[in-house]
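Peer 1: Predicted structure and sequence below. I'll ask about it afterward.
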Amino acid sequence: MKTDAGVDFRFHTGQVEIFTKQDEQGNELRFLRGVASDDKIDRHGERFSKNALARMAETAKANLTLFGDHFHSWENTLGRAVEAAINPQGQFEVVFQLEGEEAQPKIRQLWAKLKGKTKLALSVGGRILKTFIEDTGGRQVRVLDDIELLEVSIVGIPANPRTWVEAIVKSLEKPEAGSQEPEEKQNREGNMDEIQKLKVEHETALAALKEEHERALKTAVDKADEAIARLGERQKEIDALNGRVAELGKATADATAERDRQDEQIKKLQSDLRERDAEMAKIREKADGLQAEFDRLSASLKESQAAYEDLRAKYEQAQPEVEAGKKYREDLAFEAHRLAGLVDGNGFNSDNTKRKLAALTVDDLKKEIEGLRKRVDEKFPAAGQSIHAPFDGQHAGDERQAKVRDMLNEGAPLFQDRRVNING
């Protein structure tokens, strides 16, 4: 675990978005939302930890001030944080309420630029308190684990925010104890031009160190050549030294090859991830389609169930009428069967008569009964009207016969007792 107390940092991320709301008095309030930082690894092999992001979010909730381009005077305030949280993507997202144009005239320009799609972004600044090194797939990554967030600024960025992030120079070396920076250096915190200047100075210093190292190496080689020329007896020692140099060169080449291999693996993993994201998008689209079809079928099922319940209710309401109709037809069929038995002399035992009557409708049965009665009257003239009575064993006469005709016409049952009396 490495601790870098007091190290300054700045970190730039993606574009911001704007929106408006109205207060209770109907005044328009302007807001700016954006991702201030995330836990992605930059090209220098560094990233924020979740702990660092969470601490920055908590700090921002305490009305953290929004500045312009890291200029921290009171004249350069642009707004204050009203919301801050870690979003579902694990990013530190913050919402600022912008100041009114009366308090800050620059707001009008800023708002016009944002509405005009000018690419701007949020940049966080503060001090690194603690870091540690983690091994991620064979790659050494420096994790910024504890952060003192001091400010957030709105800054201009190129088209690729991640490229901008990789170009940021971070002061990662801890100042020596007791050393004091010049006043002008302390005051340029947040100045992007000064950051670029620091970058140039850093690169110049590295070049100088490299040149000095090369000079020292050349001097050492020259001295070694001189020693070889002067002292042949030390040839073995020089050979051993050259062997060591060869080993170091091979180790360097192996390390470079390993780094290239890891870079290829990372590219392949990124490609696989994009393919899986595309596949997941297709699966989600298919799932949405299935859900819509399920909802449609569910609605159709509900409609079918309602129609079924309605038909069932109508069926139950019609049952008494159906049963009465069946009873009425049975009575008609029985009467026709009885009369046919009298005419044919087979009584109730004629299967042909049963099959014939079973195929007739109610109206046809009525007609059949009328015809059979005439034939019965012709066949049994002495029997009189008693042969058409409701079979209770008594002669009904003309009055009874009229009642039977009325029952036929009205569709009422013809009789209750089916005993036959043909003797008068």
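Peer 2: Right, received. Where do you want to start?
Peer 1: Report the distance from the helix or strand harbouring residue 145 to the chain centre.
Peer 2: If you go by DSSP states H and E, residue 145 is part of strand 139-156. Taking the mean C-alpha point of strand 139-156 and that of its whole chain, the gap between them comes to 30 Å (CA atoms, centre = their mean, to the nearest Å).
Peer 1: Tell me the buried residues in that strand?
Peer 2: If you call a residue buried by 16 or more other CB atoms under 10 Å, then strand 139-156 has these buried ones: 141-155. Every residue, glycine included, has its C-beta placed from N, CA and C.
Peer 1: which strands and helices sit next to it?
Peer 2: Judged by 3 or more CB pairs under 8 Å, 6 or more residues apart in numbering; DSSP states H and E, strand 139-156 is in contact with strand 7-22, strand 46-48, helix 50-60, strand 65-68, strand 120-136.
Peer 1: Apply 6 Å and report the result again.
Peer 2: Counting contacts by 3 or more CB pairs under 6 Å, 6 or more residues apart in numbering; DSSP states H and E, the secondary-structure elements packed against strand 139-156 are strand 46-48, helix 50-60, strand 65-68, strand 120-136.
Peer 1: Quick check: neighbours of that strand in the sheet, parallel or antiparallel?
Peer 2: Strand pairing for strand 139-156, determined by DSSP bridges: strand 46-48 (parallel), strand 65-68 (parallel), strand 120-136 (antiparallel).
Peer 1: can you put those in TSV and add mean neighbour count?
Peer 2: What follows is those, written out as TSV (neighbours: other CB atoms under 10 Å):
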stretch	mean neighbour count
strand 46-48	22
strand 65-68	19
strand 120-136	18
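Peer 1: Let me have those in a markdown table, extended by distance to residue 307 and mean pLDDT.
Peer 2: Putting the strands paired with strand 139-156 into a markdown table (distance: least, CB to CB, whole Å; pLDDT from 0 to 100) gives the following:
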| stretch | distance to residue 307 | mean pLDDT |
| --- | --- | --- |
| strand 46-48 | 61 | 87 |
| strand 65-68 | 62 | 94 |
| strand 120-136 | 59 | 89 |
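Peer 1: Quick one: closest of these to residue 38.
Peer 2: Closest to residue 38 of those is strand 46-48 (CB to CB; 7.1 Å).
Peer 1: what comes into contact with that closest one?
Peer 2: Strand 46-48 is contacted by residues 37, 39, 41, 142, 143, 144 when judged by CB atoms under 6 Å, 6 or more residues apart in numbering.
Peer 1: ok, back up a step: now the helices and strands packed on strand 139-156 as a markdown table including distance to residue 282?
Peer 2: Supplementary listing: those in a markdown table, determined by distance: least, CB to CB, whole Å:
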| stretch | distance to residue 282 |
| --- | --- |
| strand 46-48 | 31 |
| helix 50-60 | 31 |
| strand 65-68 | 40 |
| strand 120-136 | 30 |
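Peer 1: which stretch among these comes nearest residue 83?
Peer 2: Ranking those by distance to residue 83, with CB to CB as the measure, places helix 50-60 first at 8.6 Å.
Peer 1: If you count neighbours, what's buried in the closest one?
Peer 2: Neighbour-count burial for helix 50-60 flags 52, 53, 55, 56, 57, 59, 60 (criterion: 16+ other CB under 10 Å).
Peer 1: could I get those as a markdown table with pLDDT and distance to residue 264?
Peer 2: Written out in a markdown table, the entries for the buried residues of helix 50-60 read as follows (pLDDT from 0 to 100; distance: CB to CB, whole Å):
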| residue | pLDDT | distance to residue 264 |
| --- | --- | --- |
| 52 | 93 | 30 |
| 53 | 94 | 30 |
| 55 | 94 | 36 |
| 56 | 93 | 34 |
| 57 | 94 | 36 |
| 59 | 94 | 40 |
| 60 | 93 | 39 |
